[in-house]
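Visitor: Provide a 3D model corresponding to the input given below.
(chains A and B)
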Amino acid sequence: DTGVSQDPRHKITKRGQNVTFRCDPISEHNRLYWYRQTLGQGPEFLTYFQNEAQLEKSRLLSDRFSAERPKGSFSTLEIQRTEQGDSAMYLCASSSSGDGSYEQYFGPGTRLTVT
Amino acid sequence: RKEVEQDPGPFNVPEGATVAFNCTYSNSASQSFFWYRQDCRKEPKLLMSVYSSGNEDGRFTAQLNRASQYISLLIRDSKLSDSATYLCVVILSGGSYIPTFGRGTSLIVHP
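Guide: Predicted coordinates for the structure are as follows:
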């Protein structure tokens, strides 16, 4: 399967714990995005990388959130000191800037529940 | 005013009907536009890009109206399997490249 993959698919954690999610993009894609989606809403942009450089971060991304893409391949999103309001689906998507289309392809998401 | 707005619906239509959704955007510098389909508890899947001249893919037609700042999606001959949430995405040009999604329009096609 050469699509976008995310791990884990589900995560239940207690408030105050740290969690880390991983995303593996489509191999030839140089852009990688993280989104958060809650029920009844569209995905909200969090951050994106072009290769290993983090080019944009949303105001939604508090200091408790950090993302990395150290070698320009997979990426991790860490949430420190989780709060109940962090419960959501975290989606990763990738695209290629080379073809100019900016079409994004999403992974299956990581559903986070903070108790 | 939100950057990207969609009527959340739901739109309830019988099989075989034609249904259209609109998505308005606030920033006239928006450059790229897309429609995605999202099934319940699944990830969004790219349905089609929206080109300035309009484009068609089978039963689906997407159009862009820059003057009025909206994009549309028309679905002809609706199938039960078209039931889903349809998300529009708008991307600004130049520099900051942040895709903005609408909240989605729910479509229910019934027998």
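
Visitor: can you count the residues close to whatever residue of chain A ends up closest to chain B?
Guide: Relative to chain B, the nearest point of chain A is A:G42 (3.4 Å; Cβ to the nearest Cβ). (Each C-beta comes from the backbone N, C-alpha and C, glycine too.) Counted by other Cβ atoms under 10 Å in any protein chain shown, the residues lying close to A:G42 total 22.

Visitor: and it, what is it in contact with?
Guide: Taking Cβ atoms under 8 Å, 6 or more residues apart in numbering or on different chains, we find A:G42 in contact with B:4, B:6, B:87, B:101-104.

Visitor: Next: B:L107.
Guide: Contact analysis of B:L107 by Cβ under 8 Å, 6+ apart lists B:9-11, B:13, B:19, B:21, B:75, B:78, B:82-86.

Visitor: So what does B:G54 have for phi and psi?
Guide: phi 80, psi 150 (degrees, to the nearest 10).

Visitor: Near it, how many other residues are there?
Guide: Applying other Cβ under 10 Å, we find 14 residues neighbouring B:G54.

Visitor: so how far is chain A from it?
Guide: Counting by Cβ to the nearest Cβ, to the nearest Å, the gap from B:G54 to chain A is 17 Å.

Visitor: And B:Q6, by the same measure?
Guide: To chain A, B:Q6 is 8 Å away according to Cβ to the nearest Cβ.

Visitor: which residue packs closest to that residue, ignoring adjacent ones?
Guide: Excluding its sequence neighbours, the residue lying closest to B:Q6 (Cβ to Cβ, 6 or more residues apart in numbering or on different chains) is B:G102, at 3.7 Å.

Visitor: likewise A:P43?
Guide: With sequence-adjacent residues excluded and distances taken as Cβ to Cβ, 6+ apart, A:P43 is closest to A:Y35, at 3.7 Å.

Visitor: What are the buried residues along the helix or strand containing the one you found?
Guide: For A:Y35, the host element (DSSP states H and E) is strand A:31-37. For strand A:31-37, a neighbour-count test (16 or more other Cβ atoms under 10 Å in any protein chain shown) marks A:31-37 as buried.

Visitor: tell me what the next helix or strand after that strand is packed against?
Guide: Later in the chain than strand A:31-37, the nearest helix or strand by DSSP H and E is strand A:44-50. On a contact count with 3 or more Cβ pairs under 8 Å, 6 or more residues apart in numbering or on different chains; DSSP states H and E, strand A:44-50 meets strand A:31-37, strand A:53-57, strand A:65-68, strand B:99-101.

Visitor: In chain B, which residue sits nearest chain A?
Guide: As assessed by Cβ to the nearest Cβ, chain A sits closest to B:F101 within chain B, at 3.4 Å.

Visitor: now that residue, nearest residue through space, not along the chain?
Guide: Nearest non-adjacent residue to B:F101 (Cβ to Cβ, 6+ apart): A:G42, at 3.4 Å.

Visitor: B:E5 too?
Guide: Using Cβ to Cβ, 6+ apart and skipping the chain neighbours, the partner closest in space to B:E5 is B:T24 (4.9 Å).
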